[in-house]
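[1] Predicted model, plus sequence, below.
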Amino acid sequence: MESLMDAYVDGSGAAFDLLYQRIGPRLFGYLIRLTGQRERAEDLLQVTFTKMHRARDSYLRGSPVLPWVFAIARRAFLDDRRHVQSRREDLSRDGTLPEPAAEPPPAQLADALELALARLPDHYREAIVLTKVTGLSVAEAAEVLGTTPSAVKLRVHRGYKELRQYLEAYQRTP
């Protein structure tokens, strides 16, 4: 991938197409788990590749591409989340805030796992998704998150602990 990125920096459109094909699915999986929304993840995927295109001259030739691109995606997600949180709530016609719909219980264990992942604090969820779902090494995940490998391991461990508690509670419900 690093040689493809070098070719892309040199102006090869074909190299970009290959990079998109190879990185896009993993990046999309990461973004959909961060956002929990397919449409938002699709938008952020395009934002990430746009930012990658604009920043391609700052890429250090020969350095690993995946952590660099995942860091761009993470920053795009955080920027988007800050923007969403800063928007005002729309009031209903009677002037009250609408109440969120109650979340139905998960039908399958896979659904329960997705719900449990969504409920984790962001720093735990990101560490688990980067290392266990997208397959980055602990060192690569640390680079994406801007932290140390030890901190990533600790976040994964603590995230697993919370996941286990949620899934045990799910098993006990009839």
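    That came in fine, so what should we check first?
[2] Could you use CA atoms for every contact and neighbour count after this?
    Noted.
[3] Same question for the one helix or strand Asp17 maps to: list its buried residues.
    Taking DSSP states H and E as the definition, one finds Asp17 inside helix 13-35. By neighbour count on 16 or more other CA atoms under 10 Å, the buried set for helix 13-35 is 15-16, 19, 23-24, 26-35.
[4] Also stretch 33-48?
    Neighbour-count burial for stretch 33-48, counted by 16+ other CA under 10 Å, picks out 33-35, 41-42, 44-45, 47-48.
[5] Rebuild those as a markdown table, extending it with distance to Val152 and pLDDT.
    Formatted as a markdown table, these follow (distance: CA to CA, whole Å; pLDDT from 0 to 100):
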| residue | distance to Val152 | pLDDT |
| --- | --- | --- |
| Arg33 | 17 | 85 |
| Leu34 | 16 | 84 |
| Thr35 | 20 | 85 |
| Ala41 | 23 | 92 |
| Glu42 | 26 | 94 |
| Leu44 | 23 | 94 |
| Leu45 | 24 | 95 |
| Val47 | 26 | 94 |
| Thr48 | 23 | 95 |
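[6] Out of those, which is nearest to Glu114?
    Arg33 (8.3 Å; CA to CA).
[7] Could you measure from that closest one over to Leu60?
    28 Å (CA to CA, to the nearest Å).
[8] Same question for Leu145.
    Taking CA to CA, one finds Leu145 at 18 Å from Leu60.
[9] Asn114: neighbour count?
    No Asn there; residue 114 is Glu. 14 (other CA atoms under 10 Å).
[10] Give me the contact list for the helix or strand encompassing it.
    Secondary structure assignment for Glu114, by DSSP H and E: helix 109-119. With contacts defined as CA atoms under 8 Å, 6 or more residues apart in numbering, helix 109-119 is touched by 33-34, 36, 106, 125, 163, 166-167, 170.
[11] and the helix-or-strand element of the chain with minimal mean pLDDT, how far from the chain's centre?
    None of the helices or strands of the chain scores lower by mean pLDDT, DSSP states H and E than helix 109-119, at a mean of 77. In terms of CA atoms, centre = their mean, to the nearest Å, the centre of helix 109-119 is set 15 Å apart from its chain centre.
[12] Fine, thanks again, bye for now.
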